[in-house]
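Trainee: model this:
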Amino acid sequence: MHRASLVIFLTLALSAKQAHALDFVTRTNGGKTVELAGRIEVEAEDGGVLLLTRDGTLWPLPKEEIAGRRKDEAPFEPLDREQLAKQVVSELPAGFKVHSTKHYLICYNTTDAYAQWVGALYERLFTAFYNYWEQRGMQLHEPQFPLVALVFDTRESFALFARGEVGEAAGSMIGYYSLRTNRMVSYDLTGAAGVPAARIIAILSQPGAERTVATIVHEATHQLAFNSGLQVRYADLPFWVSEGIAIYFESPDLTSAKGWRGIGRVNAVNLTNFRKLAANKPPDLTTLLTDDKRFRDGATSAEAYAQSWALTYFLIRTRGEAFAKYLQALGQYPPLGEVTADERIAEFKRAFGDDLPGLEVEFLRYMRRVQ
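Mentor: The predicted structure is shown next:
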């Protein structure tokens, strides 16, 4: 479904949340026909829909792929943990098992010890994430669906699977969160089969592994943001906000069994990049707020990520209450809506004031003092 062709009907968006009945949409694609059961989240004026199925997947379906629609009196209900685990495993290569934690289903074909380590890491992040935002007045909700994480045994098997979702970029990835399927995908970072539990932390606590683990935590933070109500999947959110928050949380806490101690720690990699770039090309807030393409372009992505972390760090540390209100406003954006550059700037100004040049000066001055 092309975003430019979508017109969101507010009455439909409201009634969809009531989920009084299951929506069935028959999809025809590539010569294959399948009936999908779920809840229509958005309907376009041209007849396309965004369908949420019971496993948490979002299906953007253009009109030309829709062969039929019907309703059922049964209410929309997410698959339970057992049903979801069974479905996910059925979609994966042979040999996958499931490690279940309080909030996660870790589907894996690596060692039990590594799956358990991942589950414990994610649960600590989950607790820390909710505690952090709720202490700042954010009203989050429990995930509607169990959080699914796929863990492959090798980088090669991960890349083979990921290529179907992200294309050739899979070869350079460590892990990712899929907005469409709502699943985290990664591989065994120890790089060796059969590593005992006692050795996993030792291997991944090495300085050289810090950025690797941080990437997995970064992506898991995206999953939490989109399942807690902090953000809405497929909403037209500024990239700097989504990426800035994920970087803010990404410093891995590998040893603590009682909580997450790395939230908001200075991100040395991005601070270094920010200062190098700012020395020759000071950040322009208007560009950062409106130009998401910079995050996808290899020539500008390091700059964009460093600036997004720095701005997030600055705003949380100096204007925490305003930042929380800004996030609450963004959390009301509907999926597949369109927000213009002018509207993004206006939203930012409502939270942080009209004086962007003055804020830029304060921002740079503050980041020069950060150690």
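
Trainee: shaky segments in the stretch 201-350 of the chain?
Mentor: In the predicted model, the stretch 201-350 of the chain carries pLDDT under 70 at residues 257-259.

Trainee: residue boundaries of the helices in it?
Mentor: In chain order, the stretch 201-350 of the chain shows helices spanning 210-227, 239-249, 268-280, 285-290, 293-296, 301-318, 320-330, 341-352, with DSSP state H, counting those that start in this stretch as the criterion.

Trainee: nearest to residue 34, out of those?
Mentor: Residue 34 lies closest, by CB to CB, to one member of the helices of the stretch 201-350 of the chain: helix 210-227, at 25.0 Å. Where C-beta positions appear, they are placed from N, C-alpha and C, glycine not excepted.

Trainee: what's downstream of the top helix by length along the chain, the next helix or strand?
Mentor: Counting by DSSP state H, the longest helix found in the chain is helix 112-134. Once the chain leaves helix 112-134, the next helix or strand it forms, by DSSP states H and E, is strand 147-152.

Trainee: got the CA positions of that next one in PDB?
Mentor: C-alpha atoms of strand 147-152 as PDB (Å, rounded to 0.1, in the frame of the first residue of the first chain):
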ATOM      1  CA  LEU A 147       7.300 -10.500  22.400                       C
ATOM      2  CA  VAL A 148       8.900 -12.900  19.900                       C
ATOM      3  CA  ALA A 149      12.700 -13.100  19.400                       C
ATOM      4  CA  LEU A 150      14.200 -15.400  16.800                       C
ATOM      5  CA  VAL A 151      17.800 -16.500  17.500                       C
ATOM      6  CA  PHE A 152      19.700 -18.400  14.800                       C
END
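
Trainee: who touches the nearest residue to residue 234 once chain neighbours are set aside in this structure?
Mentor: The shortest distance from residue 234 to any non-neighbouring residue, by CB to CB, 6 or more residues apart in numbering, is to residue 335 (3.9 Å). By CB atoms under 8 Å, 6 or more residues apart in numbering, the contact list for residue 335 reads 41-42, 50, 58, 232-235.

Trainee: and among the helices of the stretch 201-350 of the chain, the most buried is which?
Mentor: For the helices of the stretch 201-350 of the chain, the largest average neighbour count (mean count of other CB atoms under 10 Å) is found in helix 239-249, namely a mean of 24.

Trainee: angle of that helix against helix 112-134?
Mentor: On the basis of axes from the mean of the first three to the mean of the last three CA atoms, to 10 degrees, helix 239-249 is oriented at 120 degrees to helix 112-134.
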